[in-house]
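**Q** Here's a sequence, model it:
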Amino acid sequence: MEIWLDRTLTFMFEQKLVMSILLILVFLTIRRLIVRAIRRRAKRRAEDKRHVVNAVKNIVNLAVVIFLLLLWSAEIQHLALSIAAFMVAIVLATREFIQCVTGFVYATSSRMFRVGDWVQVGDYCGEVMESDWFTLTLLEVDMTSYEYSGKTLNLPNNMLMTQVVKNLNFLKRYSSHSFTLVRDQSINVFAIQDELLALAKQHCEHFHEVAQRYNSLIQKRLDVAIAGPDPEVRITTNHLGDTETHIKVFCPTDQVIDIEQKITRDFMRLWYEKKQLLTGAGGKPSVGKS
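**A** So this is what the prediction gives:
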């Protein structure tokens, strides 16, 4: 008896397609007989048994599904694993596109920037020309001269999720520009610091009031204190022993280069005038003078 049962079970699991068809036929036959018996009995008693018939059909259908799932459980498990592996492969293949769409949604929802703003994404700076689901188009800006380079940058939106994004829109009109002038220690640069600072203020005098209002506006919006609008001059030395003069001015972005050149010209003039005063008639520096 046990041997016959084992052989029957083995046959059932080996011939799953045949057993599936037989199970469906058996359950459909049983359902048909039960429904016919219920309807015949209800007809004799003049009762409405449609809800009973519907319940029987649903129970039999559920039983068929359960038996089929038990019969094909191993195959269904392998199929589920295959589908999962296939979905993972699709996700890995389209990962960049998914990240681009996610980056676009993130930038749009957080109002990170809008068309016309100056932004920095990683090492790339420029003015936002267009933003779509996959790319961010920038008109490159050279942040040393604050001028357009003429290059167009097409950045994938996934960089908005993986790189630091800076909104530089306030620099579009006014910027806090810093530059450094390096000379040897043949003279004491502190002797010309005050005069150089006064000349720098003269070069910035024609826009000082506007710069002051714009500086206050930026501080209110960002809720932080920033340098300006008055120029600053700071003197240090580098590892070679040369003197470094650090100059910072808050000025209109389109005048940055012009003002930098004017201050550099004044510095060179003052530096050479001071050096000539320290030079004797024979062209040698005077000893003990600074």
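
**Q** where's Glu150 relative to Leu139, distance?
**A** Careful, residue 150 is Gly and not Glu. Distance of Gly150 to Leu139, given as C-beta to C-beta, to the nearest Å: 8 Å. Where you see a C-beta, it was placed from the backbone N, CA and C, and this is true even at glycine.

**Q** out of those two, which sits in the busier spot?
**A** Between Gly150 and Leu139, counted using other C-beta atoms under 10 Å, the more crowded position is Leu139 (16 against 8).

**Q** got the buried residues for the helix or strand the more buried one falls within?
**A** Secondary structure from DSSP states H and E places Leu139 in strand 135-142. Residues of strand 135-142 classed as buried: Thr135, Leu136, Thr137, Leu138, Leu139, Glu140, Val141 (neighbour count, 16 or more other C-beta atoms under 10 Å).

**Q** what's the closest of these to Val165?
**A** Val165 has its nearest neighbour among the buried residues of strand 135-142 in Leu136, at 9.6 Å by C-beta to C-beta.

**Q** Which stretches in the stretch 151-290 of the chain count as helices?
**A** 159-162, 193-203, 208-222, 256-277 (DSSP state H, counting those that start in this stretch).

**Q** any idea which of those scores lowest on pLDDT?
**A** For the helices of the stretch 151-290 of the chain, the weakest mean pLDDT is recorded on helix 208-222, namely a mean of 76.

**Q** Summarise which helices and strands that helix is packed against.
**A** Where contact means 3 or more C-beta pairs under 8 Å, 6 or more residues apart in numbering; DSSP states H and E, helix 208-222 is packed against strand 174-183, strand 243-252.

**Q** and of these, who's closest to Gln276?
**A** That would be strand 174-183 among these, by C-beta to C-beta, at 14.3 Å.

**Q** list the buried ones in that closest one?
**A** For strand 174-183, a neighbour-count test (16+ other C-beta under 10 Å) marks Tyr174, Ser175, Ser176, His177, Leu181, Arg183 as buried.
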